[in-house]
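Enquirer: next come a sequence and a model predicted from it.
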Amino acid sequence: MEPRPEALKPVLRGPVVRSFRPRSNGVRLSVGFILAKRFTLCAFANFVDVLRLAADEGDRSRPILCNWTVLSDTMDAVTSSCGISVQPKERLGDPTRFDYIVVVGGLMDEMSNLSPAYVRFLKQAAASGVPLVGLCTGAFMLHEIGLLDGYRCCVSWFHHADFLEQFEGLNPVTDQIFVVDGDRLTCSGGASSAHLAAYLVDKHVGRAQASKSLHIMIIDDALQPEKPQPGITLDFKTRDPIVLRALLLMQQNIDTPLSVQEIARRTGHSKRQLERHFRTALDISPQAAFLTIRLSLAHHLIETSEKSIAQIAVDCGFCDSSHLSRMFRRRFETTPHALRRGRDAAPD
């Protein structure tokens, strides 16, 4: 049997990633899943499907090169955020039978603590050198039990403020789709879960199997972890990584707008360099791009929320509702109040 590919060896913090042993059954990648209450089904399903498609020829789903299972302390079905339940297959047992343990997080507002049995299991896995993976808010759960201390951690740009508010001692990364830091791997969720799974398949099974999985899922190519996360700036189409990172910083600071000088500093470039990249990539200044983001969010909130116009102005970084109204009229040729009245008058 051919030797097992070498384990991940990026910058290590904490326990050294163990060397994988060849398995007599030919499996090259074994993954155990822990599903949080109200977990995000999309993140879980994308990750599993990459493993499934890489494990066998064609689309036959036999767990030959990869295997996976949902673990539980109680064996009770776990309900996802969309209401669909998943039945666990195995008790927790010995974590060293797996190459990775993946924690799939759930909704921020309904995130509950992991049970003592899960905490003991994950700490045993960490002590044994089994790499831990946090999908979506699974990173929050790993950090809460002390298993991300000293590690870089990927968090969705959408949850960046929540992370800073609720957790201390960790610097979240929100300008990448996933982060590999030694024996901790974290992912922003959604489609990026497929790319993290493909990254692991590439490392332990083969690049051809990773590509095959993504192509069957109609995902063009595997993305590397440095790929910036998409955000709400859907009107801005660019592949310039400097501009994308700047746009993400703008999104994360909508209520307290940063100066262009500060954005440039945080991206590691001069103000002039940043302005040049924006002009080349988008034919717009950073200031104008930031205003567009804030006004687009204000427009969205006026149409979809019940927040007052004054509160929306504050949330979007405007001095007051009058300031928002002036900028809003210039951009949309209507006022926030008129847009809200039109929404409320529309037939159901």
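Expert: Perfect, thanks for sending it.

Enquirer: tell me where the model's unsure across the chain.
Expert: Residues of the chain meeting the criterion pLDDT under 70: 1-24, 108-112, 156-175, 220-235, 347-348.

Enquirer: closest to the centroid, which residue in it?
Expert: Central residue of the chain (CA atoms, centre = their mean): Ser188, 0.5 Å from the mean position.

Enquirer: Phe140 is in contact with that one, correct?
Expert: No: in this structure, Ser188 is not within contact of Phe140 by CB atoms under 8 Å, at 12.0 Å. In this view, the C-beta of every residue, glycine as well, is placed from N, C-alpha and C.

Enquirer: between the two, what contacts are shared?
Expert: Overlap of the contact sets of Ser188 and Phe140 (by CB atoms under 8 Å, 6 or more residues apart in numbering) consists of Val155.

Enquirer: circling back to that earlier point, against Leu339, how distant is the residue nearest to the centre of the chain?
Expert: Using CB to CB, to the nearest Å, Ser188 is found at 31 Å from Leu339.

Enquirer: cool, and His215?
Expert: Distance of His215 to Leu339, computed by CB to CB: 43 Å.

Enquirer: higher neighbour count, the two?
Expert: Neighbours were counted for His215 and for Leu339 using other CB atoms under 10 Å; Leu339 has more, 17 against 13.

Enquirer: wasn't that one part of a helix?
Expert: Yes: with DSSP: H, G, I helix; E, B strand; the rest coil as the criterion, Leu339 is part of a helix.

Enquirer: who are the contact partners of it?
Expert: Leu339 makes contacts with 299, 302-303, 332, as judged by CB under 8 Å, 6+ apart.

Enquirer: likewise for Leu148?
Expert: Contacts of Leu148 by CB under 8 Å, 6+ apart are 134, 139, 142, 170, 184, 186.

Enquirer: and Tyr118, how far from Gly189?
Expert: 19 Å.

Enquirer: settle it for me: which of those two has more neighbours?
Expert: Per other CB under 10 Å, whichever of Tyr118 and Gly189 has more neighbours is Gly189, with 30 against 19.

Enquirer: show me the contacts for the closest residue in space to Ala36 that isn't next to it in sequence.
Expert: What sits nearest to Ala36 in space, not counting adjacent residues and going by CB to CB, 6 or more residues apart in numbering, is Gly106, at 4.5 Å. Gly106 sits next to 36-40, 80-81, 136-137 when contact means CB under 8 Å, 6+ apart.

Enquirer: show the backbone phi and psi for the closest residue to Val260 other than its chain neighbours.
Expert: Distance criterion CB to CB, 6+ apart; nearest residue to Val260, sequence neighbours excluded, is Pro286 at 4.7 Å. Reported as degrees, to the nearest 10, the phi and psi values for Pro286 are phi -60, psi -40.
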